[in-house]
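*Asks:* based on what follows, work out the 3D shape:
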Amino acid sequence: MVDSFQKGLFRKVNNQRAKVGLLSPDGKWVFIERATKGQLLDETVVDVPEAYTLVSTDDANYAKPRSPAKVFRKGKPNGYSQPLPFLYTISLKMPAPLKEGATYTIRFAGVNTSQEAVAYVHKPRRTRSIAVHAIQTGYRPDDPYKRAYLSFWMGVDRDGEDGGCTPDVDVFELVDAAGKTVFTGRAQLAKKENQQEQICIHETLDYTKASVRRLDFSDFNTPGEYRVYIPGIGLSGPFRLAADVWGKPFKAAMQGILAQRQGIDLGPPACAYTRRRPFHPADGVEFYQMTIPVQAGQEGTRGDNLIELAKAGLLQRVTGVWGGYQDAGDWDSLGGHLSATYDLLGLYDLNPTAFSRIRLSLPAAEMNNGFPNILDEAMWQMPLWRRLQLPDGGVRGGYGYGWGCPPATTSSMIKSAGVYAVDHETTMYYAAAAARAARVLAAYDKKLAAGYLESAKRAWAWVESHSKEDDDIYKKVLSFDKNFPKNLRDKRAMAAVELLAATRDPAYDEAFRESSELGGKAALYMDQLGADFAYARLPDGLGDPELKKRAVRRITAYADHAIEFSRKSAYDIIAGARTDFPLIAPCRYFSTPAQGGLSLIYAYELTKKPAYLAAAVQGANYSLGANPDNLSYCTGVGYNAQHFNFIVDAQITGQLPDIMVGHIPYGQGNEGNSMSRPMNSWVQQWLLNFGPAKKMVPNWYDWPVNEQYIDFGRYPLHNENCFNATTVPAACYWFYLHTRP
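*Replies:* Take a look at the predicted model:
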């Protein structure tokens, strides 16, 4: 048995050895953990009502000091340093209501706060209330959906009992920047306290642990800056009604995509985040051909074993491999990343004029190459995959070091990588992306477009010739992934419609019919919406008119189901749409508009029914601040955005918080359920509830799902992302809301 230990740097202080930090494998860099300032909260009296008194010379009810009837508390980590810093919210349930305009003094007895007393003037019309939840960016004046919420979960008392505190209110107001009321609406009860909700078909839970009231002002459309005001309670944060509100999150997300590039130096002026280029052969990185396909997974020891096999001369060197994108914590460029190119190129079909007009923050060479900026980003990874294509047309599944990252190591320090073997799914995905690229590129560079179309055809032909069950490569991939035939069918439908659009060859139309959920021969799958949408929008004379009608019906059925299901949650969360399976999308991505799905936008584009556009705006509401945490899940967007990214290079180089703009994490999803507990138990064990850190209050599993997100950059399934799973779908979503006519 071999045990490995990370090298550390130590300093001798007063004859004692003090650890400075972890050393990188080459000994040239030291990672120094940030130290938390202040002191841990003393929990002995913080939950005791007698530890607090409220007194006022303006309010007869508090002429003499009075203690609360109950104290509620909730606390969770909020930051990256050690020991973990915690943010606590303490709620005092007072015996009598406060008087508007009165001044109060709150005194703390025995609680180790930095102040022994604080003064509070009860002027709700001027006071920000964390119980009023609104979007932090805003809406276009013509957006048909504008909604805020009122709810507050106080946490638990000293006996562990939950405390919900959503006042019974009937009306709310919209106030402008000067404090003038410009709109009055009715507050509608969305959920009673203790009422169950449903975001995922797998479970029914109380996701909020408080009653919730909806505050709808969809009919208001006057441009300006506003806040939602609840009389007697307080104000939401500010937001705007303006034509450009969706532009900032879109451009932020595009910068987040840029920050995930492999093989290029990053830094100003393109972005504030700086990073040396990783996995570039000119820096001495050596690539070796593996025999396993990407479906074999990313084994934790593969990187180390790869080096040993290479030293022994058992692996063949591969040249010309670099580029693509990396995951936040794995540094692999994988075949699944081709969805980024496919999706970003799809923006051209949604709005060619805006696609060509919008300016992004990109490296100087790309800003001046004559291509639209979105096209530059969409095409960034395509040269890599073209280089990974073999002469016979097959495309290898990408490259990488292995699962996880060595401690105190940045991606630019890794000097070896393995190249996955060719596989059908990557090859067909490449065919779809390359065919779509050829069609879009034709308006800007006909020669380059022709090259990608020829490459796409060769990729298609390779898959078609190796898709029999007795084919050795087919059997090998299937041995690693039993879902491979279904996944390949989805990619085949996608590639068929793109090659049909690019070539007008009826053979691809027949192939689409064979693989599509619309053709009657394939099983009904939920992962073909993009292909269905592309087919429905084929020009007249191309494609089967009846299949196009079925595509429209299919997409609108998905959208209708998503809208209907969103009514089962108090915060109107669009969780996705599956009408052919008894489950809704896995609900991992609370952080991403409409759970990363574009079915609502597709449905609106195909029908122009206002209900679909309203639902599309509804799908973006939660992720940009209209949630119980008052959190924007996109760094750099909104006044209270998540700060601490799970980007290993940023952590190791001390570029937290807020350096990287446009990072969109997975978000909390419904990971508190029984299905996810085994996968994530180490986080709760060592970081949140039972390890050396101070405990969360209450236990993480007992928090309402809507507030389970922890912004501390250490929790993969919360803070990490695969850029093509969260950031790219969000960028596409916000592009449409920003640029639609």
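*Asks:* OK, contacts around the residue lying closest to Gly155 once chain neighbours are set aside?
*Replies:* Take Gly155 and drop its neighbours on the chain: the residue closest to it by C-beta to C-beta, 6 or more residues apart in numbering is Lys74, 2.9 Å away. For every residue, glycine as well, the C-beta is placed using N, CA and C. In this structure, Lys74 makes contact with Tyr88, Thr89, Trp153, Met154, Gly155, Val156, Val697, Pro698, Trp703, Glu707, judged by C-beta atoms under 8 Å, 6 or more residues apart in numbering.
*Asks:* got the domain ranges for this structure?
*Replies:* According to automatic domain parsing, the chain comprises the domains 1-32, 49-122, 124-245, 278-515, 526-612, 624-741.
*Asks:* of all these, which one comes closest to Gly256?
*Replies:* domain 624-741 (2.6 Å; C-beta to C-beta).
*Asks:* about what we covered before: out of the contacts of Lys74, which one sits closest to Leu338?
*Replies:* Glu707 (35.4 Å).
*Asks:* which ones are touching that closest one?
*Replies:* Neighbouring residues of Glu707 by C-beta under 8 Å, 6+ apart: Lys74, Trp153, Pro628, Asp629.
*Asks:* and Val46, by the same measure?
*Replies:* Residues counted as contacts of Val46 (C-beta under 8 Å, 6+ apart) are Val71, Arg73, Tyr88, Ile90, Val111.
*Asks:* who wins for most neighbours among those?
*Replies:* Of all these, Val71 has the most neighbours under the rule other C-beta atoms under 10 Å, reaching 24 neighbours.
*Asks:* off-centre distance for the helix or strand where that one lies?
*Replies:* If you go by DSSP states H and E, Val71 is part of strand 70-77. From the chain centre to the centre of strand 70-77 is a distance of 27 Å (C-alpha atoms, centre = their mean, to the nearest Å).
*Asks:* and the contacts of the next helix-or-strand element following it?
*Replies:* Per DSSP H and E, the first helix or strand lying C-terminal to strand 70-77 is strand 86-93. Applying C-beta under 8 Å, 6+ apart, the contact partners of strand 86-93 are 40-41, 46, 49, 52, 54, 68-78, 106, 130, 152, 154-155, 163, 165, 694, 696-697.
*Asks:* try 6 Å this time
*Replies:* Residues outside strand 86-93 that contact it (C-beta atoms under 6 Å, 6 or more residues apart in numbering) are Tyr52, Pro68, Ala69, Lys70, Phe72, Arg73, Lys74, Gly75, Pro77, Asn78, Met154, Lys694.
*Asks:* which residues touch Arg366?
*Replies:* Arg isn't right for residue 366; it's Glu. Glu366 neighbours (C-beta under 6 Å, 6+ apart): Asp376.
*Asks:* so Pro657, which of the three states?
*Replies:* Three-state call for Pro657 (DSSP: H, G, I helix; E, B strand; the rest coil): coil.
*Asks:* Glu498 and Lys549, how far apart?
*Replies:* 20 Å (C-beta to C-beta, to the nearest Å).
*Asks:* I meant to write Asn724 there.
*Replies:* Counting by C-beta to C-beta, the separation of Asn724 from Lys549 is 31 Å.
*Asks:* equivalent analysis for Leu215, please.
*Replies:* 40 Å.
*Asks:* neighbour-wise, which of these two wins?
*Replies:* Taking other C-beta under 10 Å, Leu215 and Lys549 do not tie; Leu215 has more neighbours (27 against 12).
*Asks:* what about the strands in the stretch 101-250 of the chain?
*Replies:* Ranges of strands within the stretch 101-250 of the chain are 103-108, 117-121, 132-133, 138-139, 147-150, 153-156, 162-164, 171-176, 181-191, 212-216, 224-230, 234-235, 239-241, based on DSSP state E, counting those that start in this stretch.
*Asks:* which strands and helices sit next to the second one?
*Replies:* Contact partners of strand 117-121 among helices and strands, from 3 or more C-beta pairs under 6 Å, 6 or more residues apart in numbering; DSSP states H and E: strand 103-108.
*Asks:* strands paired with the strand it packs on, and their directions?
*Replies:* strand 52-55 (antiparallel), strand 117-121 (antiparallel) (DSSP bridges).
*Asks:* pLDDT of the shortest one, averaged?
*Replies:* To tie it back to what came earlier, the one meant is strand 52-55. When pLDDT is averaged along strand 52-55, the result is 98.
*Asks:* what number of residues lie near Pro539?
*Replies:* Using other C-beta under 10 Å, Pro539 is surrounded by 8 other residues.
*Asks:* make 9 the starting number, not 1.
*Replies:* Got it, first residue is 9 now, which makes that one Pro547.
*Asks:* that one belongs to a helix?
*Replies:* No: secondary structure of Pro547 (three-state DSSP): coil, not part of a helix.
*Asks:* which ones are touching it?
*Replies:* Listed by C-beta under 6 Å, 6+ apart, Pro547 has no contact partners.
*Asks:* related to what we said a few turns ago, can you lay out the domains of the chain as JSON lines showing distance to Ala278?
*Replies:* Output for the domains of the chain, formatted as JSON lines (distance: least, C-beta to C-beta, whole Å):
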{"stretch": "domain 9-40", "distance to Ala278": "24"}
{"stretch": "domain 57-130", "distance to Ala278": "25"}
{"stretch": "domain 132-253", "distance to Ala278": "22"}
{"stretch": "domain 286-523", "distance to Ala278": "5"}
{"stretch": "domain 534-620", "distance to Ala278": "24"}
{"stretch": "domain 632-749", "distance to Ala278": "11"}
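*Asks:* follow-up on the earlier one: got the strands of the stretch 109-258 of the chain as CSV, with distance to Lys15 columns?
*Replies:* Converted to CSV, the strands of the stretch 109-258 of the chain look like this (distance: least, C-beta to C-beta, whole Å):
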stretch, distance to Lys15
strand 111-116, 46
strand 125-129, 47
strand 140-141, 47
strand 146-147, 50
strand 155-158, 50
strand 161-164, 42
strand 170-172, 47
strand 179-184, 58
strand 189-199, 53
strand 220-224, 52
strand 232-238, 53
strand 242-243, 52
strand 247-249, 49
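*Asks:* quick one on the thing from earlier: tell me what angle the strand holding Val79 forms with strand 94-101.
*Replies:* Orientation of strand 78-85 against strand 94-101 (axes from the mean of the first three to the mean of the last three C-alpha atoms, to 10 degrees) gives an angle of 170 degrees.
*Asks:* quick one: mean pLDDT over strand 78-85.
*Replies:* 95.
*Asks:* only C-alpha atoms, please: export it in CSV.
*Replies:* Output of strand 78-85 as CSV, limited to C-alpha atoms (Å, rounded to 0.1, in the frame of the first residue of the first chain):
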residue,chain,number,x,y,z
LYS,A,78,-38.5,33.6,21.4
VAL,A,79,-35.2,33.7,19.6
PHE,A,80,-34.6,31.9,16.2
ARG,A,81,-31.3,31.4,14.5
LYS,A,82,-29.9,30.1,11.3
GLY,A,83,-26.3,30.0,10.2
LYS,A,84,-24.2,28.6,7.4
PRO,A,85,-20.7,29.1,6.0
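*Asks:* report the buried residues of stretch 140-152.
*Replies:* Val140, His141, Ala142, Ile143, Gln144, Thr145, Gly146, Tyr147, Arg148, Pro149, Asp151, Pro152 (16 or more other C-beta atoms under 10 Å).
*Asks:* on that earlier part again, please identify the most buried of the strands paired with strand 111-116.
*Replies:* Burial of these is given as mean neighbour count (mean count of other C-beta atoms under 10 Å); strand 60-63 ranks first at a mean of 20.
*Asks:* low-confidence ranges in the stretch 309-458 of the chain?
*Replies:* For the stretch 309-458 of the chain, the stretches with pLDDT under 70 are 309-313, 315, 410-412.
*Asks:* dump the buried residues of stretch 140-152 to CSV, plus distance to Ala267 and pLDDT.
*Replies:* Output for the buried residues of stretch 140-152, formatted as CSV (distance: C-beta to C-beta, whole Å; pLDDT from 0 to 100):
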residue, distance to Ala267, pLDDT
Val140, 33, 98
His141, 29, 98
Ala142, 28, 98
Ile143, 24, 98
Gln144, 21, 98
Thr145, 20, 98
Gly146, 25, 98
Tyr147, 27, 98
Arg148, 27, 98
Pro149, 32, 98
Asp151, 29, 98
Pro152, 33, 98
